[in-house]
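Student: fold the following, please.
(chains A, B and C)
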Amino acid sequence: MLAYIVRRLLYAVPILIGVNLLTFLLFFVVNTPDDMARMQLGMKRVSEEAITNWKQERGYDKPVIYNAEAEGVERFTETIFFQHSVRLFVFDFGRSDSGRDIGHDIAERMWPSLAIALPTFVIGILVNITFALLMVFFRATYVDLWGVVLCVILMSISGLFYIIGGQYLVGKVLHLVPISGYDDGINAIKFVILPVLIGVISGIGSGTRWYRTIFLEESGKDYVRTARAKGLSELQVLFRHVLRNALIPILTGAVVVLPLLFMGSLIMESFFGIPGLGSYTIDAINGQDFAIVRAMVFLGSVLYILGLLLTDISYTLVDPRIRLQ
Amino acid sequence: MQQPLLEVNHLTTWFDTREGKARVVDGNSFRIHRGETFALLGESGCGKSMTALSIMRLLPGQAQGNISGQVLLDGEDLLQLPEAAMRRVRGNRIAMIFQEPMTSLNPVLTVGEQIAEVLRRHRGLSGAALQRRLEELLAQVGIPAPRQRLGEYPHQLSGGMKQRVMIAIALAGEPDLLIADEPTTALDVTIQAQVLGLLKELQSQTGMAVLMITHDLGVVSEMVDRVAVMYAGQIVEQAGRADFFAQPQHPYSQKLFEALPDMDKRDRLLSVIPGSVPPLTQTFQGCRFAPRCHRAWELCHQREPQWLPAGEGRSVRCHLYDRRVPHPQQTGEAPQPLDLAHATTGEVLLEVRDLKVHFPIRKGLLKRVRGHVYAVDGVDLSLRHGQTLALVGESGCGKTTLGKSILQLLRPTAGEVCFQGEDLTRLRGEALRRRRRDFQIIFQDPFSSMNPRMMVGDIIAEGMQAQGIGGDREQRLARVDELLQQVGLKPEHKFKYPHEFSGGQRQRICIARTLAVNPKLIVCDEPTSALDVSVQAQILNLLRRLQQALRLSYLFITHDISVVSYLADDVAVMYLGRVVEQGPVGAILGEARHPYTRALLAAVPRVHADVPRQMVKLEGDPPSPMDPPAGCHFHPRCPQASAICRECYPEQRQVASGHWVRCHLYS
Amino acid sequence: MSPLSARKGIFMLLGLLVALGGFYAGAMAFTGAKPVLLWTDALVYVLVVAIVGFVLYARSREHLRDPWRQVFRRRLGLASLVVLLAYVFIGLLDSVHFRTAVDTGEGERPAAYAGEVLSVLDLVLTPLRESSEKTYSAPFATHSFAKETVEYPDGSRARIYPRLRHGGAHLADPEREHAADILAKLAWGSLLGLIIWVLLVLPLVAWLARRWRMSWNVALGRIFRGRCDIPWWVVLLTLAVLCLLLGLALVLAPHYHVFGTDKVGEDVFYQSLKSIRTGLVIGTLTTLIMLPFAVLLGISAGYFRGWVDDVIQYLYTTLNSIPGVLLIAAAVLMLQVYMANHPELFETDAQRADLRLFFLCVILGITSWTGLCRMLRGEALKLREVDYVQAATAFGVRHGRIIGRHIQPNVMHIVLISVVLDFSGLVLAEAVLSYVGVGVDPTMYSWGNLINGARLEMAREPMVWWSLLAAFVFMFVLVLAANLFADAVRDAFDPRLRKQ
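Tutor: Purely as a prediction, here's the structure:
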């Protein structure tokens, strides 16, 4: 088990190097820092001086990969590649293009993100499983048929409309909770309710349908027939046998996204004015702050790889057939 | 007469399909008495499993309502019971075991938990009493170290053990009737013998009745008191065991016996039932078997036969036994003889020397090789022109791996495969590709051996195309026609797709495909084990005719001793990656020397046995090829093992001319 | 089937292409317009040719035809197919682009062309395109949504809701005539719709009657009693609804802004119709671009195993590990910088916007091929051990041929299912990406931009809701139809589902 985890972590290294190389190519090779400076400072008639200034402030004035002017190790460290890409490996995110400490921002902003994403995720799974079980229990009846139709309809509505509709209905018409904003501590609850509610509802369609497929596939297996032949009731068969087996793909599918919850939801946070990592990213994109985008890409892939590892470990916990080698 | 335990009257089950109503069970009636073993015998798709599931009301899908007739259990009609009451019958008064022990157990629950469910539900046991009873049950079905096994999961058990667990689940409710749906079909012969023996023993202990569903005449003859033969959804004959085996009456039953391959029929072609089982969606007129029956006349095609008494306690659904109607004389059908003198030139075609196929197992931090699966571990074989060498063994013994590595579909780890004097293991790339036309393979599963998206004509021509033989397009098409006729199909079949054919027809196409490149050697990897007896006979006949006409050599991989006895010239018996005994077929089947060969032969259920004999049981499961036992691989299961067997692997010894054995008993 | 009919099909296809091309060139020459072939146009044409080619190919092959027949047997599947085809029709009209000649007054000089790139759809929608107002107006409004200070001839000023320039301009007294006029136009529109429907349905029924060798009456009876294998009545019914909508639009749209106007007074109905192409292009071209990679890499990884497998797995794990939105954002940001620095590359704004759309498809493709690739790898791993592949190996068939004849045809159902399942997701993704600011060019018509524009006005009292409504309706119908169609396709093609 331990050997397995160590090996998986070692595998992660080449992947992270690949991610790093890719972002490096995207950010510094496709467009030179000069191009970015010109873009940031307004396209027309920017003086060379202004560009140099801009680059110097952000540390983009160094050579890209190899610094011929420096001495010794600094030939490699005093470069854009080292300063802006390699340092990500030790989670040193550096400063954003607007001069803020990215590492500090991330540490501060991930908690509001989690406050929205985690409840949405957990409640969402519970609600979806409940609906899916209901549909499977009433399979081949009208409950099931119309349930599926409803799911497809819910799936076909863009997430944006759930948010807009929810804000309009709950916030503007019913005046139940504030439309947007955030507060620390216990006061956060009234700001969290609406996004979580909307997040759960917008996921019902696809989630329920997906779980229903899993349940149906399990309930067609031979061991279910054995369970029925024992004289168990339909509910016992569903909960003791079908659910137990279906939970394996459901849980492991859920675990992979667990670490990514820290990243928050771009749309949700920006609509509701939550100061989390999602809105952080979106602000960075709109403000064309490349340093933040780069940091978030790296953070995202680290969390994804962590998710994969957790998935494998969770398999061994829920599925007796699997032993990690 | 005492009231029967189970009385089934006019049971009919149907499914609504796109093609129409499919009556999978059509008006069947039978009775099972207490303590009796009753067999439903029939080929695949005849509705025997559906009959069992209808009795249990466990039909798949939405067919629950589509059952009519009566199923009386002690006079109470199960079909009229509300679902809740029916649940009290299932697992309690009637229990059922299924064909596939691998998938029939819930993979995420422990063995103990799965048995305990029944005890809690029907016996109300809990706590220490429950625990005690669980251990008792496992011990009863012959599982060693029951306390430890209770906490294990199904995947930790072998196939035979799983089926024992299934039996324990069935026994837990102390049922009056046990329905066993092909309980041993998925198991090896030696394990089958264990399980059948166990069932018999349990039956005599508990006095329960058994409804045995099977396609195997051997199992019927070893196990049952009375038998009903099913064909196309209907029971066509019912009789006591002895009567049935002495003189089967329905032409279908008779043909089933005649189609069985065995030693005595070596000099002739097997008798076959032409055609295949009709689809059940059609409405039948007359007797269902009439289109395939060698004794049918006009009446059979017009009027459906009724049940007719045919002696004490037996009845048959056939116009032949109706004294009121005149029927034509039986036209004697002489079996076609085979010329056994074709013999061989004695020239060796294939010589395998010390062949090894090891699969590495990688483990640990750096995925280093930490062990091997010794799938084939030093095999010597030789096969002469125009002869058949049968490779016999249980599943997992490495016989398929051996076949594939001879053909270089798997590259061997070590050893030589000399084909006409040329070592195939040294051939690479284009040279090997060119050589491939000389040796071909026929697979076990006719459903997966053809690309479903190619037309039959293209499938057959593929080999010619790849080898660049058979001339231009026109000539190849002509050759395809010729090949199709050679295997008993029609030229127009080349424009059809594989799914339009039955299993037997598909196997014929596969044979035609291999013949297209004029091979000298064909490896037949269990070509008939997925087929019903009557179809198996057709394929065996075809293979033998082709061998005679084309002087083909066969390496015939099988686990079926009766097939071996019918068509093999030489036999090699494999156990755990090695050949333990080889020699001429007569010597091996008649005077087997190796204890494993003897046990294997003894485990095969015999047809025609007058009195059910005591089956020789081989204890335990075959060990894993990952970790073969030290010394002779067979010693942990061998009744005659001695100290030396535990220490070193025996050398090969000749015990008679051409008869070799690897056993310390003969050194 | 015979090879003859396949060859005939290819000739038919080529003939059709030549005819279409000739017609197009002729029309351009006649009107003096200069054809413009945008990147996405070219790919759309490739896609159309590929689909038509596949249909001709599949028609003669039972194993390909049979699952499709099952798709058509499903009522919901068939209805959604008709709706999808209607969308595709509009999208195709919008994919033939040209620049009109501008009369420079100097006949001898080479003609100059307008900077604006138009499509055939623009031509059809000219009345809508040119009837812009000053700013917001509600659906069917005759007056502007915002008060404005107007100066009367007598010099006095007042803040009133001014009349619209186009919406309801034909009414003398809007207060009194408004409702009656709309009702009358509704009635006329329905009648027109009915007429169009009959005109469309007549040839269809005639064709069916000929195919069944029946008289008209009998054929009609058969259709409406649902006695035929394919539920044609569903087609007719869906067509009826579509024709009704078309009739209403034809009568109402020239006189009113059916979905209102936006901030700069442009007709929202026009915008929604123009957005159809964007949605379809994103949904289909993304797939088209990623498909060769996914299929080739997936099958190679599974079939060859070894180091090929390692490399490909590394590739997709790496790509997969970057959250999709972020990768897209990063790439689009870079694209923006690049385009801003190289304005000389683009002749017109439309071409620049189109290239951005094209790159968006490429980037979306890069982020979305991994899932399919992994599935295909798994399937190829299984297939290479299947008996018929082993048999082919035993015959000495070469690797390329085994992949082409045995592996690839037997994984295509997975490809197809994932393509249709992905479509709706991509259409929805467009809206989200545009919202995030990394979607299509802000000047391009798309539902995402439509929503984005309207969102800013949500706080306004009373709310400007019609842009949202229009985007919602058009998107919802497309995505719903796509989802239902995908379900039908999956049920028909997935061997696991077919067994049940």
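Student: only C-alpha atoms for contact and neighbour calcs from this point on.
Tutor: Fine.
Student: tell me the contacts of the closest residue to chain C within the stretch 101-250 of chain A?
Tutor: Relative to chain C, the nearest point of the stretch 101-250 of chain A is residue A:156 (5.1 Å; CA to the nearest CA). Contact analysis of residue A:156 by CA atoms under 8 Å, 6 or more residues apart in numbering or on different chains lists C:424, C:476, C:479, C:480, C:483.
Student: so which elements touch the helix or strand where the fourth one lies?
Tutor: The one in question is residue C:480. Here residue C:480, judged by DSSP states H and E, is contained in helix C:466-493. Helices and strands touching helix C:466-493, by 3 or more CA pairs under 8 Å, 6 or more residues apart in numbering or on different chains; DSSP states H and E, are helix A:142-155, helix C:62-73, helix C:75-93, helix C:268-304, helix C:408-436, helix C:447-455, helix C:495-499.
Student: could you give me the average pLDDT of it?
Tutor: For helix C:466-493, mean pLDDT is 91.
Student: next: stretch C:71-90.
Tutor: Mean pLDDT, computed over stretch C:71-90, is 92.
Student: give the buried residues for it.
Tutor: Applying a neighbour-count criterion of 16 or more other CA atoms under 10 Å in any protein chain shown, the buried positions in stretch C:71-90 are C:71-84, C:87-88, C:90.
Student: before we move on, what about stretch B:67-81?
Tutor: For stretch B:67-81, burial by neighbour count (16+ other CA under 10 Å) applies to B:67, B:68, B:69, B:70, B:71, B:72, B:73, B:78, B:79.
Student: just the ones of those in helices?
Tutor: Among the buried residues of stretch B:67-81, no residue falls in helices (DSSP state H).
Student: among those residues, which are within reach of chain C?
Tutor: By CA under 8 Å from any CA of the partner chain, no member of these lies near chain C.
Student: what about the helices in the stretch 51-200 of chain B?
Tutor: B:83-89, B:101-104, B:111-118, B:127-140, B:146-150, B:159-172, B:189-206 (DSSP state H, counting those that start in this stretch).
Student: quick one: closest of the ones you listed to chain C.
Tutor: Between chain C and the helices of the stretch 51-200 of chain B, the tightest spacing by CA to the nearest CA is seen for helix B:101-104, at 16.9 Å.
Student: who in the stretch 1-150 of chain A is up against chain C?
Tutor: Contact residues, the stretch 1-150 of chain A versus chain C (CA under 8 Å from any CA): A:15, A:16, A:18, A:19, A:26, A:27, A:30, A:31, A:35, A:36, A:39, A:43.
Student: just those residues now: which is nearest chain C?
Tutor: Chain C lies nearest to residue A:15 out of those, by CA to the nearest CA, at 5.2 Å.
Student: who's in contact with the closest residue to the closest one other than its chain neighbours?
Tutor: In space, and not counting its chain neighbours, residue A:15 is closest to residue C:318: 5.2 Å by CA to CA, 6 or more residues apart in numbering or on different chains. Residue C:318 sits next to A:15, A:16, A:18, A:19 when contact means CA under 8 Å, 6+ apart.
Student: got those as JSON lines, with secondary structure and neighbour count columns?
Tutor: Putting the contacts of residue C:318 into JSON lines (DSSP: H, G, I helix; E, B strand; the rest coil; neighbours: other CA atoms under 10 Å in any protein chain shown) gives the following:
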{"residue": "A:15", "secondary structure": "helix", "neighbour count": "21"}
{"residue": "A:16", "secondary structure": "helix", "neighbour count": "21"}
{"residue": "A:18", "secondary structure": "helix", "neighbour count": "17"}
{"residue": "A:19", "secondary structure": "helix", "neighbour count": "22"}
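Student: next, format these as CSV and append pLDDT and distance to residue B:277.
Tutor: What follows is those, written out as CSV (pLDDT from 0 to 100; distance: CA to CA, whole Å):
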residue, pLDDT, distance to residue B:277
A:15, 90, 57
A:16, 89, 60
A:18, 89, 60
A:19, 89, 60
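Student: in chain A, where's the longest helix?
Tutor: Taking DSSP H as the criterion, chain A has its longest helix at helix A:102-137.
Student: distance between that one and the chain's centre?
Tutor: 10 Å (CA atoms, centre = their mean, to the nearest Å).
Student: same thing with stretch A:169-188?
Tutor: Averaging C-alpha positions (CA atoms, centre = their mean) puts stretch A:169-188 24 Å from its chain's average.
Student: now the helices and strands packed on helix C:466-493 as JSON lines including distance to residue C:43?
Tutor: As requested, the helices and strands packed on helix C:466-493 are exported to JSON lines (distance: least, CA to CA, whole Å):
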{"stretch": "helix A:142-155", "distance to residue C:43": "29"}
{"stretch": "helix C:62-73", "distance to residue C:43": "25"}
{"stretch": "helix C:75-93", "distance to residue C:43": "12"}
{"stretch": "helix C:268-304", "distance to residue C:43": "7"}
{"stretch": "helix C:408-436", "distance to residue C:43": "16"}
{"stretch": "helix C:447-455", "distance to residue C:43": "21"}
{"stretch": "helix C:495-499", "distance to residue C:43": "31"}
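Student: tabulate the ones you listed (a markdown table), appending distance to chain B.
Tutor: Output for these, formatted as a markdown table (distance: least, CA to the nearest CA, whole Å):
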| stretch | distance to chain B |
| --- | --- |
| helix A:142-155 | 14 |
| helix C:62-73 | 6 |
| helix C:75-93 | 16 |
| helix C:268-304 | 14 |
| helix C:408-436 | 7 |
| helix C:447-455 | 41 |
| helix C:495-499 | 12 |
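Student: so for residue B:327, which of these sits nearest?
Tutor: Distance to residue B:327, taken as CA to CA, is lowest for helix C:495-499 among the helices and strands packed on helix C:466-493, at 44.5 Å.
Student: quickly compare the helices of the stretch 51-200 of chain B and say which is most buried.
Tutor: helix B:159-172 (a mean of 25; mean count of other CA atoms under 10 Å in any protein chain shown).
Student: now the residue nearest to residue B:382 when sequence neighbours are not counted: how far from residue B:423?
Tutor: Closest residue to residue B:382 apart from its sequence neighbours, by CA to CA, 6+ apart: residue B:351 at 4.4 Å. Taking CA to CA, to the nearest Å as the measure, residue B:351 falls 9 Å from residue B:423.
Student: residue A:262 too?
Tutor: Going from residue A:262 to residue B:423 by CA to CA gives 62 Å.
Student: more crowded one of those two?
Tutor: Comparing residue A:262 with residue B:423 by neighbour count (other CA atoms under 10 Å in any protein chain shown), the higher total belongs to residue A:262, at 25 against 15.
Student: circling back to that earlier point, between the helices and strands packed on helix C:466-493, which has the poorest mean confidence score?
Tutor: helix C:495-499 (a mean of 62).
Student: residue contacts, the closest residue to residue B:511 other than its chain neighbours?
Tutor: Nearest residue to residue B:511 in three dimensions, chain neighbours excluded: residue B:442, at 6.7 Å (CA to CA, 6+ apart). The neighbours of residue B:442, taking CA under 8 Å, 6+ apart as the test, are B:510, B:511, B:514, B:522, B:523, B:524, B:525, B:527.
Student: swap in residue B:122?
Tutor: By CA under 8 Å, 6+ apart, the neighbours of residue B:122 are B:88, B:91, B:92, B:173.
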